[in-house]
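>>> Quick one: sequence and predicted model below, then my questions.
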Amino acid sequence: MIDLRSDTVTKPTIEMKSFMMDAKLGDDVFEDDPSVRHLEDMAASMFGKEAGLFCPSGTMTNQIALMTHLKPGDEVICSRESHIYNYEGGGIARNAGASVRLIERKTGLLTVSDIADNINPDDVHQPVTKLVALENTCNRGGGNCYDINEIKAIKEFCNKIGLPVHLDGARLFNAIVKKGHSAEDYGACFDSISICLSKGLGAPLGSLLLGDAHFIKIARRNRKVLGGGMRQVGIVASAGTYALNHHVDRLKDDHEHAQIIANALANCSWINQVLDVETNIIVASLKDDFEPLKFLHKLEEDGVLAIPFGKGKIRMVTHLDVSSENVEKVVESLKF
């Protein structure tokens, strides 16, 4: 079965599993697991940050960031298409007790004007704007990437008014590979960054929250509150180290594979539109008389898995476990 449901379905390579078995272990709640500390320090240095915090998932790193930046009654500005709003179980309200100012942009990519126009005035009737949260790449935007100059403009504006900026960078390495900027270039634009190790990078689990030392100290306490303190977790943290050392540059292969599939979809008579592909996500809308579930069932019969993605839409995601031969088979399966 060719699984295009998500890049979260990747499995550790033989080399990664071997590396995991040699990991040096300790108790991470006591902060003495050497493999965890190495990963946290390595990632923080990569992005020009002082410290990092290893967590089980990207949802947890995002939620910890929100809890650390915000207090009940504060407000975060984000896109209506953002992961922190759509796919984290209402955690902004549940965990941070915060209000949300949603920006309507189908691309999911905000502009500095969007931010400036949505900051609340100093008025007791309104929540206090305390955080801007961006997502790069944007899942619901079809894996699209910010222009780094727009990010810099947003950060410059927010610095002037003392407003921190958080990045949900679950697929940030896809943007790094696509746009050609360094991790440190992106690190300079954000007060906190969440990066995921278990999507295209192929680790079995894990995300990192990066920021300055004081921020991460508070974040570590919030991780404990959420039940995210782990013990001899270096065995999986080492998979993240392996991924960062070996699986970043190859993301370009996933991007090329996604473009091939997108081109094939665009030539299908029953497809209405395919969003422009920049990285590894393909989002296509079907014509009104073609139901997504029937289409997905037909693909499954041909050995290909994908998912519905909103009304009349489907999503496919390429990743480490999808080969060039698999892509050829997917293209053939679309010919009906």
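That came through, no problem.

>>> mind listing what L293 touches?
Applying CB atoms under 8 Å, 6 or more residues apart in numbering, we find L293 in contact with P308. C-betas here are computed from N, CA, C, even on glycine.

>>> From G142, how far off is it?
According to CB to CB, to the nearest Å, L293 and G142 sit 20 Å apart.

>>> Could I get the pLDDT score of D168?
In this model, D168 is scored at 98, pLDDT.

>>> can I assume it sits in a helix?
No. D168 is assigned strand when assessed by DSSP: H, G, I helix; E, B strand; the rest coil, not a helix.

>>> Could you give the number of residues near it?
29 (other CB atoms under 10 Å).

>>> The residue lying closest to it once chain neighbours are set aside: what's it in contact with?
Excluding the flanking residues, the one nearest D168 by CB to CB, 6 or more residues apart in numbering is E135, at 4.3 Å. By CB under 8 Å, 6+ apart, the residues touching E135 are 78-79, 81-84, 108, 167-170.

>>> of all these, which comes closest to C55?
The closest of the contacts of E135 to C55 turns out to be A170 (CB to CB; 12.3 Å).

>>> Surely the closest one and M60 touch.
No. With contact defined as CB atoms under 8 Å, A170 does not reach M60; the gap is 11.8 Å.

>>> And the two? Which one has more around it.
Counted by other CB under 10 Å, A170 and M60 do not tie: A170 has more neighbours, with 28 against 23.

>>> Please determine how far the closest residue to that one other than its chain neighbours is located from F190.
Distances taken as CB to CB, 6+ apart put C196 closest to A170, at 4.2 Å, once the chain neighbours are dropped. Separation of C196 from F190 (CB to CB): 15 Å.

>>> Please apply the same query to E300.
39 Å.

>>> Pick out whichever of those two has more residues nearby.
More neighbours surround F190 than the other of E300 and F190, with 26 against 13 (other CB under 10 Å).

>>> Please give me every residue in contact with the nearest residue to that one once chain neighbours are set aside.
Excluding its sequence neighbours, the residue lying closest to F190 (CB to CB, 6+ apart) is L167, at 4.4 Å. Contacts for L167 were tallied using CB under 8 Å, 6+ apart; they are 133-136, 186, 189-190, 192-194.

>>> Show the contacting residues for the residue of the chain most remote from its centre.
Most distant from the centre of the chain: V124, at 34.7 Å, with distances by CA atoms, centre = their mean. Applying CB under 8 Å, 6+ apart to V124 gives no contacts.

>>> tell me the SS of it?
V124 ends up coil, using three-state DSSP.

>>> same deal with N272?
Under three-state DSSP, N272 comes out as strand.

>>> Many thanks, we can stop here.
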